[in-house]
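Engineer: generate coordinates for the sequence data below:
(one chain, ligands or ions: 1)
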Amino acid sequence: MNAYPGILIVFDGIDGAGKTTQINKIADALRAVGEDVLISKEPTDGQWGQKLRASALSGRMTADEELETFILDRQDHLTNKIIPALEDGKIVFLDRYFYSTIAYQGLRSSDYRSIEAIIRKDTVIPDAAILVDTDPYLAISRIRLRDGKENHFEKLEDLIQIREIFLSLAQDDDLLHVINGSQDIDSIYKDVKSYIIEGALKAKRCFKSYGCDEPLYCGPRITGNCSWWNIVSAINKA
Ligand code: TYD
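Structural biologist: Numbers count the residues shown, from 1 in each chain. Here you go, the predicted model:
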């Protein structure tokens, strides 16, 4: 959790994991009940992100240059977009965050743990981090359906190893929550929705700072003063 009034929820996972579909679904549901939501992604469309995207098509940068460019892209993203939105109280969804840098650039370095500390420095701690964990064979078939081809970042052997790094990160990091991305879209969404509602949303929006422990006799709920409960009721009715 961070100290901003907004809520930062990040999704990570291998290419084709299904992150974007899930982000759009939960963001639409929250917008439909009146929440102010921002969706953003990394790499961004800013100067560093454009450089990275171009390299995915034309030929990769050196490992050091690539790592440095992802870090610059994130700093720019945090300063100019993420932090201002969190200060405004928005719910911010990120399609990839620093876990991707540890996993993807970690694969290119001899030991991902050696670069992990650098990557975690100067980032905003998310309120929730979801690893959409999808079988790489299934992920590749989703990418082929979507794009007709893979790019440099998306080779099957790489995705198998990147998935392993993501899973070992989740074992050591209590914040990174694994959701089975090999299920159908609606089943993944059910898991995503309940995790966000019962976790990050409750932590930041429940009237009682320690979280609701007495649903039946909760005064703020009954009087409509619990912002978390108002969202939950509206979402479940929609
Ligand atoms: P992706 O989410 O696939 O964007 P799009 O579908 O719009 O092309 O991201 C592009 C690639 O960037 C993806 O293969 C993972 C890679 N990547 C890294 O290698 N390191 C990072 O830190 C991030 C954020 C992404």
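
Engineer: hey, which helix is longest across the chain?
Structural biologist: helix 156-172 (DSSP state H).

Engineer: avg pLDDT for that helix?
Structural biologist: Throughout helix 156-172, pLDDT has a mean value of 96.

Engineer: list the buried ones in it?
Structural biologist: Buried residues in helix 156-172, defined by neighbour count with 16 or more other Cβ atoms under 10 Å: 158, 159, 161, 162, 163, 165, 166, 169, 170. Just so you know, the C-beta spots here come from the backbone N, C-alpha and C atoms, and that holds for glycine as well.

Engineer: would you tell me what the next helix or strand after that helix is?
Structural biologist: Going down the chain from helix 156-172, the next helix or strand is strand 176-180, by DSSP states H and E.

Engineer: and residue 223, how far from residue 207?
Structural biologist: For residue 223, the distance to residue 207 equals 10 Å [Cβ to Cβ, to the nearest Å].

Engineer: list the helices and strands the lowest-mean-pLDDT helix or strand in the chain packs on?
Structural biologist: Within the chain, no helix or strand scores below helix 136-147, which has a mean of 89 by mean pLDDT, DSSP states H and E. The contact analysis (3 or more Cβ pairs under 8 Å, 6 or more residues apart in numbering; DSSP states H and E) places helix 136-147 against helix 156-172.

Engineer: angle of the helix it packs on against helix 136-147?
Structural biologist: 120 degrees (axes from the mean of the first three to the mean of the last three Cα atoms, to 10 degrees).

Engineer: what separates helix 156-172 from the chain centre, distance-wise?
Structural biologist: 16 Å (Cα atoms, centre = their mean, to the nearest Å).

Engineer: so is it next to the ligand?
Structural biologist: No. If you take Cβ under 6 Å from any ligand atom as the test, helix 156-172 misses the ligand, and the best it gets is 8.4 Å.

Engineer: need the CA coordinates for that helix. CSV is fine.
Structural biologist: Extracted C-alpha coordinates of helix 156-172, given in CSV (Å, rounded to 0.1, in the frame of the first residue of the first chain):
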residue,chain,number,x,y,z
LEU,A,156,8.2,-19.5,-26.6
GLU,A,157,11.4,-20.6,-24.9
ASP,A,158,11.8,-17.1,-23.4
LEU,A,159,8.2,-17.0,-22.2
ILE,A,160,8.7,-20.3,-20.4
GLN,A,161,11.7,-18.8,-18.5
ILE,A,162,10.1,-15.5,-17.9
ARG,A,163,7.1,-17.2,-16.4
GLU,A,164,9.4,-19.1,-14.0
ILE,A,165,11.0,-15.8,-12.9
PHE,A,166,7.5,-14.3,-12.3
LEU,A,167,6.5,-17.3,-10.2
SER,A,168,9.6,-17.2,-8.1
LEU,A,169,9.1,-13.5,-7.6
ALA,A,170,5.6,-14.2,-6.3
GLN,A,171,6.9,-16.8,-3.9
ASP,A,172,9.1,-14.2,-2.2
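
Engineer: run through who's touching that helix.
Structural biologist: Outside helix 156-172, the residues within contact range by Cβ atoms under 8 Å, 6 or more residues apart in numbering are 12-16, 99, 102-104, 106-107, 112, 131, 133-134, 136-137, 139-140, 176-178.
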